[in-house]
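S.K.: Have a look; sequence and predicted model below, questions after that.
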Amino acid sequence: MRSLIPVLGLVFTTVTHLPAQQMHGQQDSMRQQMMMRAMTGPLGIPLAREGSGTSWLPDSTSMQALHAMAGSWLLMLHGNVFAQYIDEGGDRGDDQFGSINWIMAMARRPLAGGFVMARVMMSAEPATVRRCGYPDMLATGEFCRGEPLHDRQHPHDLFMELAAGYERELTRDLAFQVYAGPVGEPALGPVAYPHRPSAMPNPIAPIGHHWFDATHIAFGVVTAGLFGRRWKLEGSVFNGREPDEERYNIDLDALDSYSGRLWILPSPRWALQGSIGRLTEAEPGPNGEPRRDVTRSTASVTYHQPLSAASTWTTGAMWGHNVEEDHATDAFLIETSLTIAERNLLFARGELARKQGEDLALEDPALQEEAFTVGRVAIGYTRELGSILGLVPGIGGRVAVSLVPADLERFYGTRSPLGFALFVNLRPAAMSMPGMTSMQHMQHGR
C-alpha cells in the first residue's frame, strides 16, 4: 500500500498540471497566431513589404524591429543610431565627431475591415551634428546661414514623420490605401536611404540624395493609392519646399506640389518603381532670388536575396532626373550590402551625378552656370557583436574616394579626395517569428 502512494501522487500531479500546461500552450499558440495575422495586411501582403512612407520593399526583406502586441495593437520600434568620426580629406573636406540617428515607433491594428496605422519618427541630429550638417564630400542641397550647403549633408529634422494611414480590401484582388500627416513622405522616389536595407549599414547619405529621395521629409502630405498583390499605383499632394535650417519646428505650407508613383513586384525578391513629381518652390534661389520649382523623375530596382538563415544580400540601383527653369541634371546610384553569418556586414556604394557650379558653391563666378559630372565610390565593413535585449551593437568603418573633374581640381586640391569614417552603431535585431515565412508563402501561392 505504501508503495502505491508515490505512484498515486505522481498521477495526481500530472493530471492536475496537464490543463494548466495545455492552457499555457494554447495561449502561446494564440499569441503567435495574433502576431502572424498582425504581420500581414490586405490581400495577405506581408508587413515586411513596407518601406518608408508608402513605399515598398521586396517581400523577402527581413524586418529589424522590436515588437509586441497590446491587445489588438501591433507595436513596433525601428531605428538606427551611429556615433561616428568622419574625415573627408582634400581642400574642401572637413572632420567631425557626431551622431547620425533616427528612431521610429509604429502602432497598427485591424479596424472596420482594414488596418489603421500611426507612425512617429524622430532624429536627434539637430543636436548631435553641427547646424550645417556633417562632412559628406560632393553632397549638395538646401541652404545654411544664407549659403548653399556643399560638401556636407544637412541634419534631419527633429520630426521626420508624424503620419497615419488606413488600408482595406475592395475585392479579393484589389485594395486601397490612404496616408496623411503634418510630416510624411509623398509618393515620389525609392525607399528613402535611411530605410533601404542596401544602405542601412552605411551612415553617410548619398551625394545624389536630392535627385532620389529628398522629399522623404515633407511638411504636409496626403497620399491615396490602389494596389493588388504585385502592383501599386499611388498619388500625392504635398508641400514640396525643402525644410529650413531651424530643425526643431514643423514648416507647414501649402500642399501645392504633386506626384505619382507605380510599384511592380514581379517576385518576392524584386521591387521596381517609377515616379514623377512637380515640386513647387522646392529650392531657395541663390543671392536672394525667388525659390525654384523642380520637376523630379525617378526609377529604381531593389533586389533582396536570402542566402541562408543567417546571410542575405540586398542591392539597389536608381536614377534621378531634376528639371529646373534653365537646366536639367541626372544622378545614378548603385549600392549593395552583404550580411555573412549574421555578424559580418560588407557594404558598398557607387555614384555619379551632374551638378551645377552654383550648387557646388564654386568661388569662380564664370563656373556658376556650368554643369560638372562628379562621382563617389565607397566601401565599408561592420562587425556586429550579438543581440542584447533585442538590440544589436556593431563597430565598423568606411573608406570613400570622390571623383572630381579636372576643371574642379583647383578647388578640391586633388581629383580624388580620400575620406574615411569610423563608427559604432546600434539597431534592432532582425525579427524572427515561427511560421511567418511559410504563412507568407501560402498566402502568395509561392
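M.R.: Arrived safely. Fair warning: this is a prediction, and the values are worked out from it, not measured in the lab.
S.K.: ok, which stretches of the stretch 301-446 of the chain are strands?
M.R.: Using DSSP state E, counting those that start in this stretch, the strands found in the stretch 301-446 of the chain span residues 312-323, 328-340, 344-356, 371-384, 391-403, 418-428.
S.K.: Tell me which residue lies nearest the centroid of this protein.
M.R.: With distances taken as Cα atoms, centre = their mean, the residue of the chain nearest its centroid is residue 195 (1.7 Å).
S.K.: Pull the contacting residues for that one.
M.R.: Shown in contact with residue 195 (Cβ atoms under 8 Å, 6 or more residues apart in numbering): 51, 52. Every C-beta, even on glycine, is put in place using the N, C-alpha and C of the backbone.
S.K.: switch to numbering from 48
M.R.: From this message on, residue numbering opens at 48, which makes the last subject residue 242.
S.K.: From residue 200, how far out is it?
M.R.: With the distance defined as Cβ to Cβ, to the nearest Å, residue 242 ends up 16 Å from residue 200.
S.K.: buried sites along stretch 409-427?
M.R.: Burial within stretch 409-427, assessed by neighbour count using 16 or more other Cβ atoms under 10 Å, is assigned to 409, 414, 415, 418, 419, 421, 422, 423, 425, 426, 427.
S.K.: Could you pull up phi and psi at the first one?
M.R.: Which is residue 409. In this entry, residue 409 is assigned phi and psi values of phi -70, psi 140 (degrees, to the nearest 10).
S.K.: Give me the nearest residue to it, chain neighbours excluded.
M.R.: The shortest distance from residue 409 to any residue that is not its chain neighbour, by Cβ to Cβ, 6 or more residues apart in numbering, is 6.1 Å, and that residue is residue 458.
S.K.: The spatially closest residue to residue 383 that is not a sequence neighbour: what's it in contact with?
M.R.: If you skip the residues right next to it in sequence, residue 383 has residue 362 as its closest partner in space, 4.3 Å away by Cβ to Cβ, 6+ apart. Shown in contact with residue 362 (Cβ under 8 Å, 6+ apart): 245, 349, 350, 381, 382, 383, 384.
S.K.: Tell me what residue 362 is bridged to.
M.R.: The residues paired with residue 362 through beta bridges, assigned by DSSP bridges, are residue 350, residue 383.
S.K.: re the thing from before, okay, who's weakest in the buried residues of stretch 409-427 by pLDDT?
M.R.: Taking these together, the minimum pLDDT is found at residue 415 (88).
S.K.: Would you confirm that that one contacts residue 405?
M.R.: Yes. With contacts defined as Cβ atoms under 8 Å, residue 415 counts as touching residue 405 at a distance of 4.4 Å.
S.K.: Can you give me the domain assignment for this protein?
M.R.: What the record gives for the chain is the domain set 48-85, 87-126+140-421, from automatic domain parsing.
S.K.: mean pLDDT lowest for which of those?
M.R.: Of all the domains of the chain, mean pLDDT reaches its minimum on domain 48-85 (a mean of 51).
S.K.: on that earlier part again, format the buried residues of stretch 409-427 as TSV; extra columns: distance to residue 477.
M.R.: Written out in TSV, the entries for the buried residues of stretch 409-427 read as follows (distance: Cβ to Cβ, whole Å):
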residue	distance to residue 477
409	44
414	47
415	48
418	42
419	41
421	35
422	33
423	29
425	24
426	23
427	20
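S.K.: how much space between residue 346 and residue 321?
M.R.: With the distance defined as Cβ to Cβ, residue 346 ends up 5 Å from residue 321.
S.K.: For these two, indicate the residue with more neighbours.
M.R.: Summary of the neighbour comparison: residue 346 and residue 321, criterion other Cβ atoms under 10 Å, with residue 346 having more neighbours (18 against 14).
S.K.: wait, doesn't the more buried one sit right on residue 323?
M.R.: No. Taking contact to mean Cβ under 8 Å, the distance of 9.8 Å between residue 346 and residue 323 leaves them out of contact.
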